[in-house]
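S.K.: coords please:
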Amino acid sequence: MRILLLEDNITCSKILENQLGKKGHLVDAVFNGRQGFLEASTNQYDLFLCDILMPHWDGFKFIEAAQVVCPNLPIVVISSSIKDRPDLLEKLKKHPNIIGFLPKPVDIKELEALMAKVKIQTKANIRKLARIVCTMGPASKSKKIIGQMILAGMDIVRLNFSHGSYEQHEGYLNTVRRAEKEWDQPIGVLMDLCGPKIRTGSMQDNGIHLNNGDSIILQAEPIEGTPERISTIAPELLPDLQTGDPILLDDGLLELEVEKPGKTEVICRIVVGGMLRSGKGMNLPATRLSLPSVTDKDKKDLAWGLEHEIDFAALSFVRSASDIIEVKDIINKSGKRDLKVVAKIEKPEAVENISAIIDAADAIMIARGDMGVELPAAKVPRIQRRIIRMCWEKNTPVITATQMLDTMTGNTRPTRAEVTDVSLAVWEGTDAVMLSGETAMGIDPVNVVRTMASIICEEERYTEIDWSHYKRLNQDTSQINPALTAAATMGRAAAVMVLDPEGLLYRHLSKWNRTVPTLLITDSLDKARQSCIYKNIHPIIIEKKLERDEMVFAAQEKAKEQGYLRSGDVFAVLEGERLTKGKIDQVGSFQLIKVN
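M.R.: As a prediction, the model looks like this:
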């Protein structure tokens with residue numbers, strides 16, 4: 001049996017470890033709840049032996065966290081306080097998977113009697129490299145649920161500005177920040193600007209039926225739609241329509257074709273009919289639109305984000321690199337926050353201009369929903385692979401989004417096709433995968449995140465290192481710090497610690513280091529949150545201004561406290577350009593240190 005032992009008293013821990021070892025059990029011992037959670041989310045165990053009064057995270061916090069990632073794993077509580085503290089006992093009895101309470105010193109025979117009831121467990125871990133983006137909504141608005149989603153593997157929160165008021169978004173944001181503080185885990189927040197989303201106007205009786213072959217007029221003047229006439233919330237697009245242009249309605253379920261263009265009225269033929277309800281989306285895949293990609297609403301929403309603790313801004317319906325540059329200019333001129341800009345790829349023009357857009361953006365989102373309407377759906381997988389490969393080559397993080405575990409909005413399990421979809425995206429090299437309605441409106445957001453994390457971990461277990469990538473690393477000396485080469489190929493170190501005040505090195509190391517944790521040492525909470533979009537980056541915040549060696553020592557102690565390092569481990573320290581205390585013009589440095 002494999003057992004995780006949480007005991008801060010070294011003598012008690014060693015005695016129990018030796019006694020259980022003699023019985024043939026494998027024991028991993030840690031000294032606080034935070035270390036225990038890292039082990040619990042990394043390895044498969046059959047039983048937790050847990051003390052209650054421990055430093056950093058106590059036993060209660062560990063049990064709460066562990067039940068998110070291992071909801072059915074049995075726990076035996078070992079504590080000298082149980083006899084004298086009936087309040088502790090009552091609090092612990094609320095957890096159904098606690099199978100027993102033992103005072104210290106532990107009677108090994110009593111412990112064996114409890115262990116005889118334990119079945120060998122199987123579970124998927126959540127110690128993943130790829131990131132998970134989760135959309136906030138009514139199903140995930142409470143601090144408890146958000147905290148559990150963080151524990152289950154959520155890295156970035158998405159606020160969808162196509163819906164909701166500023167008051168609602170501020171409520172979500174404040175709740176995320178409270179949960180972030182409670183669990184001591186930096187979380188990035190992404191505001192998703194809605195862009196020039198084109199929709200139909202209102203309809204009679206909230207819905208009309210369109211018949212194949214009939215004619216219908218699309219007009220600029222607002223009207224309550226009938227089977228003969230409908231309007232749009234974006235009348236300025238009408239002059240852009242040309243004869244033969246398709247107009248797709250309601251995510252492509254209905255289709256019109258332009259027969260006679262005009263500035264105020266466009267006559268169309270109904271190609272694919274059906275029920276059309278109020279406010280449904282309109283996609284124009286063959287039309288070159290003169291509408292601006294950054295709307296007045298986007299600018300207003302962006303101004304709100306610059307006044308709040310937002311880390312990323314995603315721009316919808318990007319058509320060219322100039323759209324990204326426009327948003328960055330607004331951010332830079334404000335002088336308020338360094339928001340990173342994410343380009344959402346969903347228009348045919350964006351696919352045509354993808355190289356320039358990747359160069360201009362801080363990150364890319366493959367928004368497969370509208371992409372699958374604007375372009376033939378059969379082309380989406382190939383486009384996805386191409387964009388992921390190009391983002392890897394240009395060292396730009398990429399998010400794969402839309403309908404990844406869609407059926408879990410109403411079900412507790414995904415379809416096999418959805419599991420395969422997530423797995424393939426990870427295999428192709430995506431930095432992050434995104435959940436939309438599954439966490440915003442789903443029946444169990446925590447289970448969805450846990451499921452997504454388990455799929456990622458399973459795929460990453462079998463992902464083989466492509467050594468041709470490392471050849472490119474050695475060859476690309478013009479842009480890559482030479483110290484990165486040593487760090488990226490370091491297989492035996494317990495971790496790579498990056499001293500990176502400017503936040504440049506870790507982005508490259510995320511691309512290359514796929515074997516051991518990369519610990520980003522920073523004094524900036526904003527940088528820590530923005531690192532959440534990069535694979536295998538674990539930020540450690542040291543707020544004090546320290547000399548280089550003092551910083552390494554402080555970071556080492558915090559890494560030990562959080563479970564990334566143990567006594568006897570060897571870890572690497574990576575550093576970029578700086579002028580040393582001895583006035584040496586350092587280009588880069590790579591150091592190996594043994595933990596005392």
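S.K.: Every contact and neighbour count from this point should use C-alpha atoms.
M.R.: Noted.
S.K.: Report pLDDT for the residue lying closest to V380 once chain neighbours are set aside.
M.R.: Distances taken as Cα to Cα, 6 or more residues apart in numbering place G372 nearest to V380, at 6.3 Å, with adjacent residues excluded. In this model, G372 is scored at 91, pLDDT.
S.K.: Quick one: classify G372 as helix, strand or coil.
M.R.: helix (DSSP: H, G, I helix; E, B strand; the rest coil).
S.K.: so E460 touches L424, yeah?
M.R.: No - taking contacts as Cα atoms under 8 Å, E460 lies outside contact range of L424: 10.6 Å.
S.K.: And for the residue nearest to V380, the neighbour number?
M.R.: 18 (other Cα atoms under 10 Å).
S.K.: Distance of it relative to R337?
M.R.: 34 Å (Cα to Cα, to the nearest Å).
S.K.: Walk me through the domains of this structure.
M.R.: Split into domains by automatic domain parsing, the chain comes to 2-115, 131-196+296-461, 204-283, 467-594.
S.K.: Helix or strand for the closest residue in space to L248 that isn't next to it in sequence, just tell me which one.
M.R.: In space, and not counting its chain neighbours, L248 is closest to E255: 4.6 Å by Cα to Cα, 6+ apart. Secondary structure from DSSP states H and E places E255 in strand 254-260.
S.K.: What are the contacting residues of the next helix or strand after that strand?
M.R.: Next helix or strand after strand 254-260 toward the C-terminus (DSSP H and E): strand 265-272. Strand 265-272 has contacts (Cα atoms under 8 Å, 6 or more residues apart in numbering) with 210-220, 238, 253-261.
S.K.: Outside of the helix or strand F553 falls within itself, list whatever touches it.
M.R.: F553 belongs to helix 548-562 when elements are defined using DSSP H and E. For helix 548-562, the surrounding residues in contact (Cα under 8 Å, 6+ apart) are 32, 34-35, 38, 56, 521, 540, 542, 565-566, 595.
S.K.: One more pass at 6 Å, please.
M.R.: For helix 548-562, contacts defined as Cα atoms under 6 Å, 6 or more residues apart in numbering pick out 34-35, 565-566.
S.K.: what's the answer for stretch 575-583, then?
M.R.: With Cα under 6 Å, 6+ apart, stretch 575-583 has contacts from 499, 585-589.
S.K.: try it again with 7 Å
M.R.: 498-500, 505, 585-590 (Cα atoms under 7 Å, 6 or more residues apart in numbering).
S.K.: same question, stretch 419-426
M.R.: With Cα under 7 Å, 6+ apart, stretch 419-426 has contacts from 404, 455-456, 459.
S.K.: Tell me the one of those residues nearest D8?
M.R.: For the contacts of stretch 419-426, the residue nearest D8 by Cα to Cα is I456; the value is 32.5 Å.
S.K.: before we move on, back to that, now list the buried members of the contacts of stretch 575-583.
M.R.: 498-500, 505, 589-590 (16 or more other Cα atoms under 10 Å).
S.K.: Just the ones in strands from those residues, please.
M.R.: Mapping the buried ones among the contacts of stretch 575-583 onto strands (DSSP state E) picks out 498-499, 589-590.
S.K.: May I see those organised as a markdown table, with distance to F571 and pLDDT added?
M.R.: Listed next are these as a markdown table, based on distance: Cα to Cα, whole Å; pLDDT from 0 to 100:
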| residue | distance to F571 | pLDDT |
| --- | --- | --- |
| V498 | 11 | 93 |
| L499 | 13 | 91 |
| S589 | 14 | 85 |
| F590 | 10 | 85 |
